[in-house]
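Sequence unavailable; structure follows:
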């Protein structure tokens, strides 16, 4: 009994001593607690943030000019760490006011993602935030059209395919004005037809079968990878008669 008590006291002493030693190392700056595992989990989209991967698959990097405190939330709350200098960081998102950038970079604890004041970073193009806002507004308009399977002047081939699917036919056309690509979509309808045949006893019977027949056609012209014209026959594929227009894609960076 006495031996077991001594062992328990010894183990407790070792644990307390280890904790005190770690705390002392942290206080003296020799050891830093591990950062939160930000990159191991999906990015949670914050309200009021514009995410760059919505507009380009190419990363945007900039330089850290001075140690930059980073925060986990867009309102600069919940301290995440301080970005080291010198280093290049990737910009993930920007708040709508352009006063905070969400970046991925190295802090003392390791790699983090956090919101920083852009004054700590090398300045980007003066029109960067304005172009990002324009691109965001355009995306909202295009997403609304795609949700309704609609097409508008100014959309890209990728956006048209998201809305209507793959075309039935593609044609390339070249003239003095340049090259043009034509996409054709055909609308089919099930048309009932009467068919006669004989049953097993030799009796003549009439049945109804449905045949797929084209009832409408939509031709989309692309110039410089942008919808430049829409031509639609009877039996409309697109609902409504008004011509829809969206601004062409905005180059953010």
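Thanks, I have it. It should be emphasised that the depicted structure is a prediction, and the values quoted were computed from it without experimental measurement.

Can you give me the neighbour number for residue 82?
19 (other Cβ atoms under 10 Å). Backbone N, C-alpha and C define where each C-beta goes, glycine included.

would you list every one of the helices in the stretch 101-250 of the chain?
According to DSSP state H, counting those that start in this stretch, the stretch 101-250 of the chain carries its helices in the segments 128-147, 157-164.

ok and the shortest one relative to helix 128-147, angle-wise?
Meaning helix 157-164. 30 degrees (axes from the mean of the first three to the mean of the last three Cα atoms, to 10 degrees).

Show residues contacting helix 157-164.
Outside helix 157-164, the residues that touch it by Cβ atoms under 8 Å, 6 or more residues apart in numbering are 142, 145-146, 149-151, 155, 167, 181, 183, 185, 218, 220, 222, 225, 227, 237.

The same query, at a cut-off of 6 Å, please.
142, 146, 149, 151, 185, 222 (Cβ atoms under 6 Å, 6 or more residues apart in numbering).

Buried subset of those residues as a PyMOL selection?
Applying 16 or more other Cβ atoms under 10 Å to the contacts of helix 157-164, the buried members can be selected in PyMOL as follows:
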select buried, resi 142+146+151+185+222
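
can you tell me which of the contacts of helix 157-164 lies nearest to residue 129?
residue 142 (20.4 Å; Cβ to Cβ).

where's residue 207 relative to residue 166, distance?
34 Å (Cβ to Cβ, to the nearest Å).

now swap in residue 154 and tell me
For residue 154, the distance to residue 166 - Cβ to Cβ - is 21 Å.

and if you look at residue 97?
Taken as Cβ to Cβ, the span from residue 97 to residue 166 is 41 Å.

now do residue 142
18 Å.

same question, residue 201
47 Å.

Show the end-to-end separation of stretch 152-160, please.
9 Å (Cα to Cα, to the nearest Å).

Just give me the neighbour total for the nearest residue to residue 54 once chain neighbours are set aside.
Nearest residue to residue 54 in three dimensions, chain neighbours excluded: residue 139, at 6.1 Å (Cβ to Cβ, 6 or more residues apart in numbering). Around residue 139 sit 17 other residues, with neighbours defined as other Cβ under 10 Å.

Residue 179 now?
11.

What of residue 144?
11.

give me every residue that touches it.
No residues are in contact with residue 144 under the rule Cβ under 6 Å, 6+ apart.

Report pLDDT for it.
For residue 144, the model assigns a pLDDT of 96.

what are the ranges of the strands in the stretch 51-200 of the chain?
Along the stretch 51-200 of the chain, counting by DSSP state E, counting those that start in this stretch, strands occupy 60-63, 68-73, 77-83, 88-95, 101-107, 110-116, 169-175, 178-198.

one step back: and the residue nearest to residue 54, how far is that from residue 163?
From residue 139 to residue 163 the distance is 14 Å (Cβ to Cβ).
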